[in-house]
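Engineer: Sequence first, then the predicted structure:
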Amino acid sequence: MYKVIYIYLIFFIYFICNANGIVLKGHVKQFSPIYNYVGKFCFEKEGTINVNVNWEENQSTSLYLFSDNIKNVVHDLKRSSCSNEVVNPDFIFNSTSDYSKSYTVVGQRDRFWYMFFVDCTPNIAVHLDYEITLKNNGDSFNSIISADQQSIPQTHFFFFAFFCLLMIVTVIWVHFYYKKHYHFNVLSYTMALLSLTEISILIYGINWIFVSRNQNSNKYLIEVGNWIGIIVTNAFYLFLILIGSGWSTSVYFLSTINLKWHFILIFISTCISLAMSNISNIYISDLDNYIYFLDTLPGYIVLLLYFTITTYFVTSNVVHYRFLTKPEDEIKRKFIRLFTPLFALYMLSPIFVVICSHFVDPWNRYKTIVILNLCINAFYFMIILLMFRPFKNPLLEILDIIIELKETDKDIENKNNNNSTTTISINNNNDTTPPVNNNIDDENNINFSSTPFEKGENKGKKHKYSKELN
């Protein structure tokens with residue numbers, strides 16, 4: 001565990017020390033007219049754009065810069081072309097401009113800038129090689145990141161270390177449970193969820209390494225990280241449904257709860273969520289200043305599905321609660337009364353996060369969502385560890401009862417096995433007479449101890465003979 005943290009720390013330091021700014025570079029080879037989108041960057045109040053383009057070979061080509069200061073700029077840029085220029089650029093880089101190499105961006109707030117190569121002269125062969133370096137002012141760390149993503153790498157590093165710490169605590173909890181002979185299914189499941197969460201964050205961390213190497217974010221790494229996040233969310237929902245149904249508080253859980261339905265429900269939810277994540281890529285444009293899967297039309301379908309699962313979770317817990325009518329079930333009833341509303345809020349948190357994000361400025365929206373989601377997950381992991389701590393925990397009384405019930409069931413099973421064992425005493429090895437039990441009571445009742453029948457019938461019964469034994 002510590003080695004993983006050290007490796008991630010090395011990546012983090014490497015990211016800081018080798019950061020030179022975001023670089024957009026490529027090659028355009030086609031006939032005009034062209035209206036090609038290059039990329040976007042969110043500058044702080046001050047930043048720089050360095051442009052290196054072979055203008056001498058492309059006299060009629062220009063680099064247009066548009067800012068979000070233009071009303072409805074994203075909507076208009078999506079339908080802009082040489083034949084339909086609905087937006088006038090803020091600045092133009094070309095072979096004749098005074099700032100053809102470098103430009104300092106100054107503003108009163110964080111602002112998105114969008115870049116397009118434009119050449120509306122008909123039938124001109126464009127052979128364009130370009131390299132555009134985008135850099136914010138500030139320290140060497142935040143200067144290379146678009147302002148809308150600043151603080152996210154630090155947040156990823158912090159929570160990766162924090163989840164590793166929670167993993168260590170969980171392992172210690174499991175050790176205590178094991179010493180006391182308690183079943184630790186809940187804690188084992190928690191360890192699996194923590195591991196997947198750490199893998200997801202680690203993948204995002206690798207993406208920041210790509211950024212530090214003067215590249216854009218790797219969309220495939222981001223997509224894989226999103227997929228793992230979706231799997232973790234649905235697995236956590238299954239986890240909560242199982243706990244609410246008595247997984248951790250009942251020795252008869254497996255015989256009374258239809259586990260297949262729970263697993264099928266979450267499996268369907270996971271498949272739909274992953275499918276909607278891929279479909280949302282059709283609706284999301286890189287021009288959008290805020291890209292979050294759950295805040296798209298396919299994402300709203302997933303949020304509706306999460307709301308449905310939450311309703312199912314609350315309903316199943318209420319049903320389970322009503323069956324706990326015995327006085328000794330009071331601990332379980334208190335547990336469900338606390339557990340149900342608390343974790344129903346967690347299951348609805350993706351909806352709340354999306355709603356809250358719309359009250360935040362667009363350039364702060366995505367980082368707010370990332371930080372909120374990580375904080376919520378960390379908080380509820382801590383709640384799980386607190387609820388199932390191995391000391392001063394009322395649930396341990398239930399676990400003690402479960403152990404007693406299991407030991408009692410085991411003793412009964414051993415006793416039945418002993419009663420069914422055949423004990424035959426043969427006095428004469430040459431005697432061919434079928435062996436019989438000589439324990440005869442006053443009424444000539446004979447107790448035969450024979451091997452049980454195939455279906456276990458008549459085991460240990462007394463049989464009465466009217467014939468006198470010789």
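Structural biologist: Structure received.
Engineer: Just to check, Thr368 is in contact with Cys356?
Structural biologist: Yes. In terms of C-beta atoms under 8 Å, Thr368 counts as a neighbour of Cys356; the distance is 7.5 Å. For the C-beta atoms, the positions are set from N, CA and C on the backbone; glycine is no exception.
Engineer: of those two, who's got more company?
Structural biologist: Thr368 (17 against 14; other C-beta atoms under 10 Å).
Engineer: where does the more buried one land in three-state SS?
Structural biologist: Following DSSP: H, G, I helix; E, B strand; the rest coil, Thr368 is assigned to helix.
Engineer: The closest residue to it other than its chain neighbours - how many residues pack around it?
Structural biologist: Nearest residue to Thr368, sequence neighbours excluded (C-beta to C-beta, 6 or more residues apart in numbering): Val360, at 5.0 Å. Applying other C-beta under 10 Å, we find 14 residues neighbouring Val360.
Engineer: Backbone dihedrals for Val360, both of them.
Structural biologist: phi -110, psi 150 (degrees, to the nearest 10).
Engineer: Who are the packing partners of the strand of greatest length in the chain?
Structural biologist: Longest strand in the chain by number of residues (criterion: DSSP state E): strand 125-136. If contacts are counted by 3 or more C-beta pairs under 8 Å, 6 or more residues apart in numbering; DSSP states H and E, strand 125-136 sits against strand 22-31, strand 34-43, strand 46-53, strand 111-119.
Engineer: among those, which is nearest Ile132?
Structural biologist: For these, proximity to Ile132 was assessed by C-beta to C-beta; strand 22-31 is nearest, at 4.4 Å.
Engineer: for that closest one, packing partners?
Structural biologist: strand 34-43, strand 125-136.
Engineer: Partner strands of that strand and their direction?
Structural biologist: Strand pairing for strand 22-31, determined by DSSP bridges: strand 125-136 (antiparallel).
Engineer: what's the offset of the next helix or strand after the strand it pairs with from the middle of its chain?
Structural biologist: Scanning forward in sequence from strand 125-136 by DSSP states H and E, the next helix or strand is helix 152-179. How far helix 152-179 lies from its chain's middle: 15 Å, per C-alpha atoms, centre = their mean, to the nearest Å.
Engineer: list the buried ones in helix 152-179?
Structural biologist: In terms of neighbour count (16 or more other C-beta atoms under 10 Å), helix 152-179 has its buried residues at 152-153, 155-157, 159-164, 166-167, 169-170, 173-174, 177.
Engineer: Identify the bridge partners of the nearest residue to Asn123 once chain neighbours are set aside.
Structural biologist: Leaving out its chain neighbours, the residue that sits closest to Asn123 by C-beta to C-beta, 6+ apart is Phe31, at 6.0 Å. Per DSSP bridges, the residues bridged to Phe31 are Ala125.
Engineer: mind listing what Phe31 touches?
Structural biologist: Residues in contact with Phe31 (C-beta atoms under 8 Å, 6 or more residues apart in numbering) are Asn123, Ile124, Ala125, Val126.
Engineer: measure the first one to Lys25 for me?
Structural biologist: In this structure, Asn123 lies at 27 Å from Lys25, with C-beta to C-beta, to the nearest Å as the measure.
Engineer: who's more crowded, those two?
Structural biologist: Lys25 (14 against 7).
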